[in-house]
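Colleague: Sharing a model that was predicted from the sequence below.
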Amino acid sequence: MDNERDNVTPMSARTTVRRGANRAEYRLEEMHEILRAGSVAHVGVITEEGPLVLPMVYGIGDGVMYLHGALANSLLKAGANADICATVTILDGLVYAKTPFNHSMNYRSVVVRGAARIVSDEQETLQALQLMTDHVVPTWDVVRKPSASEIRATRVIALPLTEMSAKVRTGGAINVPEDEGTEYWSGYVPVSTIYGAPISNEDAGADMPAVIRNLKGRDLHQ
Ligand SMILES: Cc1cc2nc3c(=O)[nH]c(=O)nc-3n(C[C@H](O)[C@H](O)[C@H](O)COP(=O)(O)OP(=O)(O)OC[C@H]3O[C@@H](n4cnc5c(N)ncnc54)[C@H](O)[C@@H]3O)c2cc1C
């Protein structure tokens with residue numbers, strides 16, 4: 001029921017999946033595919049006030065995950081030049097066993113760990129902003145580009161994709177032998193996030209770009 005995965009060598013000891021190791025995915029292209037399909041990263045840092053995890057948009061560059069926010073953003077301040085963790089999760093299904101103990105979820109998730117650096121080069125900053133803008137829906141070419149002052153007000157950090165792992169669960173529930181033949185239902189419900197019909201702002205000064213118009217009915221995570 002639950003797919004066995006083809007594993008290759010983990011990237012580091014601390015990104016070696018121990019629990020549910022049969023669900024581990026270490027192939028670079030597969031992990032990148034999940035990062036490409038994901039939309040939000042939950043980024044965890046240690047701040048002076050304690051651990052903090054915040055959801056953020058991200059972009060994938062050449063071997064790095066870019067994150068951005070306001071210069072005053074507390075997470076980015078704490079996370080710059082520090083060891084951080086970013087997790088991307090895609091929920092693919094709800095898995096119902098005969099007992100809640102064995103309930104589960106189908107998912108694709110990637111955990112990235114490492115030291116993030118502040119991006120200060122102007123060219124790389126602009127490229128990172130484009131990658132983040134285009135990550136979910138490529139809209140960079142249909143918007144006004146950021147001004148110099150908007151760029152100055154933005155902090156961009158880059159987290160190397162050199163220490164990461166993925167976990168993937170698919171299929172139905174795994175029921176335990178003592179539940180065999182009992183009268184309880186068991187199975188799974190696929191879950192997807194489908195774009196609705198786009199709605200133009202009252203002050204929209206142009207026709208809806210095709211890249212937006214064509215979203216309706218598509219799956220965010222495919
Ligand atoms: C949507 C969703 C819901 C979940 N709900 C629960 C829950 O309620 N309870 C629960 O115990 N677990 C849940 N999990 C699984 C959870 O993410 C962990 O994999 C699991 O709890 C094992 O934790 P551990 O500390 O023993 O991991 P270990 O295997 O010891 O972790 C070692 C390393 O493996 C990697 N790793 C671990 N988990 C993941 C992952 N999910 N994705 C990518 N890499 C990973 C990381 O690099 C980590 O540093 C859920 C996962 C998802 C995606």
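Modeller: Structure received. Numbering: from 1, shown residues only.
Colleague: Over to Val95: give its phi and psi.
Modeller: Taking degrees, to the nearest 10, you get phi -110, psi 120 for the backbone angles of Val95.
Colleague: And for it, nearest residue in space, chain neighbours not counted?
Modeller: Distance criterion CB to CB, 6 or more residues apart in numbering; nearest residue to Val95, sequence neighbours excluded, is Ser104 at 4.0 Å. C-beta: built from backbone N, CA, C; applies to glycine.
Colleague: residues touching the one you found, list them.
Modeller: Contact analysis of Ser104 by CB atoms under 8 Å, 6 or more residues apart in numbering lists 95, 97, 169, 173-174.
Colleague: what's the most distant pair in those?
Modeller: Across those, no pair lies farther apart than Ala97 and Arg169, at 12.9 Å, counting by CB to CB.
Colleague: Run a quick neighbour tally on Tyr195.
Modeller: As a burial measure, Tyr195 scores 14 neighbours (other CB atoms under 10 Å).
Colleague: residue contacts, it?
Modeller: 215-220.
Colleague: now could you export just the CA positions of the longest helix seen in the chain as CSV?
Modeller: Scanning the chain for the longest helix, with DSSP state H as the assignment, gives helix 122-134. Extracted in CSV, the C-alpha atoms of helix 122-134 (Å, rounded to 0.1, in the frame of the first residue of the first chain):
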residue,chain,number,x,y,z
GLU,A,122,22.4,44.0,-6.3
GLN,A,123,22.2,41.6,-9.3
GLU,A,124,21.7,38.5,-7.1
THR,A,125,19.1,40.4,-5.1
LEU,A,126,17.1,41.2,-8.2
GLN,A,127,17.4,37.7,-9.5
ALA,A,128,16.3,36.3,-6.1
LEU,A,129,13.2,38.6,-6.1
GLN,A,130,12.4,37.4,-9.6
LEU,A,131,12.7,33.8,-8.6
MET,A,132,10.4,34.3,-5.6
THR,A,133,7.9,36.3,-7.7
ASP,A,134,7.9,33.6,-10.3
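Colleague: Could you give me the buried positions within that helix?
Modeller: Neighbour counts over helix 122-134 (16 or more other CB atoms under 10 Å) mark 125, 127-133 as buried.
Colleague: With distance to the ligand and pLDDT added, can I get the residues you listed in a markdown table?
Modeller: Putting the buried residues of helix 122-134 into a markdown table (distance: CB to the nearest ligand atom, whole Å; pLDDT from 0 to 100) gives the following:
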| residue | distance to the ligand | pLDDT |
| --- | --- | --- |
| Thr125 | 29 | 96 |
| Gln127 | 27 | 97 |
| Ala128 | 24 | 98 |
| Leu129 | 27 | 98 |
| Gln130 | 27 | 98 |
| Leu131 | 22 | 98 |
| Met132 | 22 | 98 |
| Thr133 | 26 | 98 |
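Colleague: Can you say which two of these are spatially most distant?
Modeller: Counting by CB to CB, the most remote pair of the buried residues of helix 122-134 is Thr125 and Thr133, 12.5 Å apart.
Colleague: Please point out which parts of the lowest-mean-pLDDT helix or strand in the chain sit buried.
Modeller: Across the helices and strands of the chain, mean pLDDT, DSSP states H and E gives its lowest value to helix 74-79, namely a mean of 91. For helix 74-79, burial by neighbour count (16+ other CB under 10 Å) applies to 75-79.
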